[in-house]
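>>> generate coordinates for the sequence data below:
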Amino acid sequence: MENITGVLIGSIVTLTIGGLEIDWGKNNGFINHSKLFLPTDKTILSEYEHDGERYINYGYRRELRSVIPRLELYGYSAKTIQKIWDEHLSYYPDYYPKFELSFEQFAKAIKNITIIPRPGIDEGYDYDLGEFAQEMLNQPEYEELKNAVNSNSRDLLSFFENLDPYIQLWLLSTNPKNQSLYLEWHTDGIINGGWTTDEDLFKNWADDQTFLIITEGSSDTFVIQEAISLLRPDIKDFFTYIDMTEHYPFTGTGNLFNFYKGLAKIGIKNKCLIIFDNDTEGVEKHDKCQNISSPPSLASMTLPALHDFESMETIGPNGAFKANINGSAVSIECFLDLSYRTKKPASIRWASFNKEMNRYQGALEGKEFYIAQFKKSLKNPDGYDFSKLHSLINKICENCISIANQGA
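Numbering: from 1, shown residues only. Alright, predicted model coming up:
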């Protein structure tokens, strides 16, 4: 491959934000950034003419604000990036110039950067070790960092060249002015050079990075899977589910709790999130899970408590009355639009009394109707209230990010 300056450079791959290059590779020596994108993000990144020929560069593009949740699910957050920095610093050679820049100085300088958008043409230069960091610090946005580093030694600057680029990317994303810029992965060089294919770039990473969602029943799994696919397609590839084509194996709170104990006992390595209902039995079993020694890849949660559930119509031995059902009667169906195509108010019926929790267990009446209406809304979402499902997805993501942070 030849760049527009006519210099033979081989197959170059770069990651840019607003046209500013933050990572590069060559031939088969590159970081696979597929975790930041979806296969459908492939597009034309730039077009230009050189010596009478027209060139089109393909690659992957995604707005930075929509990359942030993917970074966090992958384990990058304020809690983890310093740990990654410190680990990288521990490998810095003793015979190199003394490295005196603190993480706090680095983080402050990068957070202060507001990227000046550049043209989208990817020239793809080849760099010697330390040269890429030199070029980076010469950009006007990096003046504060350059002054803090106060060295032009390629040996010292190689620290930044080998540093995980997602540390910088996460810090840049904390500046709201950068969030509307595009993150672009220029892959044409390595694909046209025969070093990889689009299919290979997106193959296998999910085995290590996805979260297996396990619920009390097939309806719970169905609602969560469909809601994430519809409302958060930008992160849907981070989640996998139990195959429901056969009999669902974990129906009921007790079976799900026993499954959690089994996963904890074998020290499961895959990332798993167990979701209990936010009812009396679910809260009891979730609390018991917290007392079980479990690997960092395994966690449990209950469906979240919402303000909407603090005053629900209920029916019990003492008749009808309004009650707060958080922690005693919240099932997955409660997160659906309970007023969609019906004038009948939703109602909870109190049933058995749990002596250990000292409270009744309740259940939403007419669950099948609400599930059927939700299925209809998937084909025509207009008029359906997805607000509670948004809250549920946010809580699931919050717990998965916590798992990812534990493993980072």
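>>> helix, strand, or coil at A305?
Secondary structure assignment for A305 (DSSP: H, G, I helix; E, B strand; the rest coil): coil.
>>> contacts only, for it.
278, 326-327, 330 (C-beta atoms under 8 Å, 6 or more residues apart in numbering). In this view, the C-beta of every residue, glycine as well, is placed from N, C-alpha and C.
>>> which one of those residues is nearest to R341?
Set against R341, the nearest of those by C-beta to C-beta is V330 (22.1 Å).
>>> drop anything exposed from the contacts of A305.
278, 326-327, 330 (16 or more other C-beta atoms under 10 Å).
>>> of those, which belong to strands?
278, 330 (DSSP state E).
>>> so can I have JSON lines of the buried ones among the contacts of A305 showing distance to Y241?
Output for the buried ones among the contacts of A305, formatted as JSON lines (distance: C-beta to C-beta, whole Å):
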{"residue": "N278", "distance to Y241": "20"}
{"residue": "N326", "distance to Y241": "26"}
{"residue": "G327", "distance to Y241": "26"}
{"residue": "V330", "distance to Y241": "21"}
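>>> identify the farthest-apart pair in the buried ones among the contacts of A305.
The span of these, defined through C-beta to C-beta, is set by G327 and V330 at 7.5 Å.
>>> what touches both of these two?
278-279, 305.
>>> pick the one among the residues you listed closest to I81.
For the shared contacts of G327 and V330, the closest approach to I81 (C-beta to C-beta) belongs to A305, at 30.9 Å.
>>> what helix or strand does the closest residue to L20 other than its chain neighbours sit in?
Among residues not flanking L20 along the chain, I115 sits closest, at 5.3 Å (C-beta to C-beta, 6 or more residues apart in numbering). Element membership for I115, per DSSP states H and E: none, as it lies in no helix or strand.
>>> which regions of this structure sit below the pLDDT cut-off?
Low-confidence segments of the chain, defined by pLDDT under 70: 1-10, 120-125, 205-207, 243-250, 407-408.
>>> what's the longest strand in this protein?
Longest strand of the chain, by residue count under DSSP E: strand 53-63.
>>> and the following helix or strand past that one with strand 53-63, angle?
Using DSSP H and E, the helix or strand that directly follows strand 53-63 along the chain is helix 64-73. Interaxial angle of helix 64-73 relative to strand 53-63 (axes from the mean of the first three to the mean of the last three C-alpha atoms, to 10 degrees): 60 degrees.
>>> I84: which of the shared contacts of G327 and V330 is nearest?
Comparing the shared contacts of G327 and V330 against I84 with C-beta to C-beta places A305 closest, at 33.8 Å.
>>> mind checking how far H186 is from E313?
57 Å (C-beta to C-beta, to the nearest Å).
>>> out of those two, which sits in the more crowded spot?
The residue with more neighbours, out of H186 and E313, is H186; 25 against 14, by other C-beta atoms under 10 Å.
>>> so that one bridges to which residues?
Assessed by DSSP bridges, H186 has beta-bridge partners T14, G59.
>>> I17 is in contact with that one, correct?
No. With contact defined as C-beta atoms under 8 Å, H186 does not reach I17; the gap is 11.9 Å.
>>> for the nearest residue to F30 once chain neighbours are set aside, which residues are in contact?
In space, and not counting its chain neighbours, F30 is closest to V13: 4.7 Å by C-beta to C-beta, 6+ apart. By C-beta under 8 Å, 6+ apart, the residues touching V13 are 24-26, 30, 124, 185-187, 189-190.
>>> of the residues you listed, which is the nearest to N354?
W185 (52.3 Å).
>>> so what's the closest one closest to, chain neighbours aside?
According to C-beta to C-beta, 6+ apart, the nearest residue to W185 is Y60 (4.3 Å).
>>> quick one: the one you found from L201, how far?
9 Å.
>>> list the residues that contact P69.
232, 234-235, 397.
>>> got these as JSON lines, with secondary structure, neighbour count and distance to L36 columns?
As requested, the contacts of P69 are exported to JSON lines (DSSP: H, G, I helix; E, B strand; the rest coil; neighbours: other C-beta atoms under 10 Å; distance: C-beta to C-beta, whole Å):
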{"residue": "R232", "secondary structure": "coil", "neighbour count": "19", "distance to L36": "16"}
{"residue": "D234", "secondary structure": "coil", "neighbour count": "19", "distance to L36": "11"}
{"residue": "I235", "secondary structure": "coil", "neighbour count": "17", "distance to L36": "11"}
{"residue": "C397", "secondary structure": "helix", "neighbour count": "19", "distance to L36": "16"}
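>>> tell me which two in those residues are the farthest apart.
Farthest apart among these - using C-beta to C-beta - are D234 and C397, which lie 11.1 Å from each other.
>>> please enumerate the strands of the stretch 251-400 of the chain.
Per DSSP state E, counting those that start in this stretch, the stretch 251-400 of the chain carries strands over the ranges 271-276, 278-279, 298-302, 312-316, 319-323, 329-330, 347-354, 359-364.
>>> the stretch 1-150 of the chain too?
Using DSSP E, counting those that start in this stretch, strands in the stretch 1-150 of the chain cover 12-17, 20-26, 42-50, 53-63.
>>> quick one: the shortest one to helix 64-73, angle?
It refers to strand 12-17. Going by the same axes, to 10 degrees, strand 12-17 makes 110 degrees with helix 64-73.
>>> same question, the last one
Angle of strand 53-63 versus helix 64-73, following the same axes, to 10 degrees, is 60 degrees.
>>> return the set of buried residues in strand 53-63.
So, applying 16+ other C-beta under 10 Å, buried residues of strand 53-63: 57-62.
>>> any chance of those in a markdown table with distance to A78 as columns?
Shown next, in a markdown table, are those (distance: C-beta to C-beta, whole Å):
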| residue | distance to A78 |
| --- | --- |
| N57 | 34 |
| Y58 | 34 |
| G59 | 29 |
| Y60 | 26 |
| R61 | 26 |
| R62 | 22 |
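>>> the closest residue to P119 other than its chain neighbours and I190, how far apart?
With sequence-adjacent residues excluded and distances taken as C-beta to C-beta, 6+ apart, P119 is closest to G19, at 6.1 Å. The gap separating G19 from I190 is 20 Å, by C-beta to C-beta.
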